[in-house]
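Engineer: Quick check, what structure comes out for this input:
(chains A and B)
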Amino acid sequence: MITVNGCRIDLSEGNRNLSDCLDAQGYRTDRVVVVLNEVVVRRNAYSSVILKDGDVMEVLHFVGGG
Amino acid sequence: MEEKRDLLMLGGHAFTSRFILGSGKFSLALVKAAVEHAGAQIVTLALRRANPGGADNILDYIPEGVTLLPNTSGARNATEAVRIARFSRELGCGDFVKIEVIHDSKYLLPDNGETIKATETLAGEGFIVMPYMFPDLNAARDLVNAGAACVMPLAAPIGSNKGLCGREFIQILIDEIDVPIIVDAGIGRPSQACEAMEMGADAIMANTAIATAKDIPAMAQAFKKAVDAGRTAWLSGLGRVLQKGADPSSPLTGFLSGEREAV
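Structural biologist: Numbers count the residues shown, from 1 in each chain, chains lettered A, B, ... in the order given. Okay, here's the model as predicted:
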C-alpha cells in the first residue's frame, strides 16, 4: 500500500511501476510534478521507478492563484 | 529617432506590461480573455495536489509567451515556502517565484521574517524571487539584501478590495528601495491601481478585483488602462498642489467687460 495525495492505494502488478501508477489514475504527466518520499522524480525517470509499500507520493500541479 | 522603451526589469527579464494578473477564483474559460484584456505578461499560479482523471489544467488556458509566476501560498514558514518553490520549478515554468508566507488565518498578513529567510535561500538557488510583504522599510531592506528581485507590499488585506490602506508606508518603500516596488493585494479598483502608479510604484498586481467583477475581461482591460495612465502620469511629473488659495488657469488680463484704451 502506498499513499498518493493523502489517499491509500493498493499496489499491484499493474501499478507498481510509477509510470503505470500515474497512467492508471489518469494523471496528465505533462502537467504534474511527482514528489516521492520528499524527493522530486523527473519525468524521464517515471518508467524506471518501482514503487514499494509505504511510499508516500505527492502529485502536484498548478491551479489558479494570486 | 527610436523611442526609449519603458521597461519593467525583473531578474534580468524585461517586461513592457506593468500589470501582473493573479489567476485565482476565475473559471478556466475566462483565464485567457482576462490575461489578454489585461495585457499581462506575468500571471501568478498556485501549486496544489492534482486531481486524478486528467481534468483541464490552467496551463492550457494561459496564452503562450506569458511568464508564469508560481506563488508559495499555503506555506506557513520559510521551510515550506522553499519546498513549494522547488517543486514548482520542476514543472518547467522557469525561475520566477512569488514568496508568500502566511500563518495568520484571519487577516492573511504575510510574515516578513520568514519571507526574508525564504528569499535568501531561494535567491541563492538561482530563483528570481518576488516576495509578498507587509510594507515595512526595514524588512524591505532585508529582502533586497537577501537577493529579492523586487518587493511586493500589500495595499490592504488579501482579497479585501479595500485599496491603498498602506499608502504612506508604500510611499516610503517607493522612495527608499532601489528594486521595483510592485503593489500587491487589496487593490480593488482601477483608480486605486492608477493612484499607486502615480505615486511611483513600478507595477501592480491584482486578482480579486478582477475575478469578482461582473464583466471580468472588461475589468481586466480597465486595470490595464489605469496602470498605463498612472505610469504615464508619474513619468510626466505630476503638477504641484497649492497649500491654500487658488491659481487661475486663464489669463487675468484682456477681460471683455470694462473700459479699454483704443488701439
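Engineer: Helices of chain A, start to end?
Structural biologist: In chain A, the segments counted as helices under DSSP state H are A:18-24.
Engineer: Same check on chain B?
Structural biologist: B:28-38, B:78-89, B:112-124, B:137-146, B:167-176, B:190-198, B:208-211, B:216-236.
Engineer: Can the first one be said to contact chain A?
Structural biologist: Which is helix B:28-38. Yes. Shown here: helix B:28-38 in contact with chain A (CB under 8 Å from any CB of the partner chain) through B:28, B:31. Where you see a C-beta, it was placed from the backbone N, CA and C, and this is true even at glycine.
Engineer: try the last one
Structural biologist: No. Using CB under 8 Å from any CB, helix B:216-236 stays clear of chain A, coming no nearer than 12.3 Å.
Engineer: Can you list the buried residues in that helix?
Structural biologist: Residues of helix B:216-236 classed as buried: B:216-217, B:219-224, B:226-231, B:233-234 (neighbour count, 16 or more other CB atoms under 10 Å in any protein chain shown).
Engineer: can you check the first one too?
Structural biologist: Residues B:28, B:30, B:31, B:32, B:33, B:34, B:35, B:37, B:38 are the ones in helix B:28-38 that count as buried (16+ other CB under 10 Å).
Engineer: want to throw those into JSON lines with distance to residue B:62?
Structural biologist: Formatted as JSON lines, those follow (distance: CB to CB, whole Å):
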{"residue": "B:28", "distance to residue B:62": "10"}
{"residue": "B:30", "distance to residue B:62": "12"}
{"residue": "B:31", "distance to residue B:62": "6"}
{"residue": "B:32", "distance to residue B:62": "7"}
{"residue": "B:33", "distance to residue B:62": "12"}
{"residue": "B:34", "distance to residue B:62": "10"}
{"residue": "B:35", "distance to residue B:62": "6"}
{"residue": "B:37", "distance to residue B:62": "14"}
{"residue": "B:38", "distance to residue B:62": "12"}
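Engineer: Redo these as TSV? Include pLDDT and distance to residue B:56.
Structural biologist: TSV is the format used below for the buried residues of helix B:28-38 (pLDDT from 0 to 100; distance: CB to CB, whole Å):
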residue	pLDDT	distance to residue B:56
B:28	89	6
B:30	90	13
B:31	89	10
B:32	92	12
B:33	91	16
B:34	91	16
B:35	94	16
B:37	97	21
B:38	96	21
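Engineer: gap between the residue in chain B that chain A sits nearest to and residue B:22?
Structural biologist: Distances between chain B and chain A by CB to the nearest CB are smallest at residue B:46, namely 2.6 Å. For residue B:46, the distance to residue B:22 equals 9 Å [CB to CB, to the nearest Å].
Engineer: what's the answer for residue B:204, then?
Structural biologist: In terms of CB to CB, residue B:204 sits 11 Å off from residue B:22.
Engineer: what about the residue nearest to residue B:185 when sequence neighbours are not counted, neighbour count?
Structural biologist: In space, and not counting its chain neighbours, residue B:185 is closest to residue B:154: 4.0 Å by CB to CB, 6 or more residues apart in numbering or on different chains. Using other CB atoms under 10 Å in any protein chain shown, residue B:154 is surrounded by 24 other residues.
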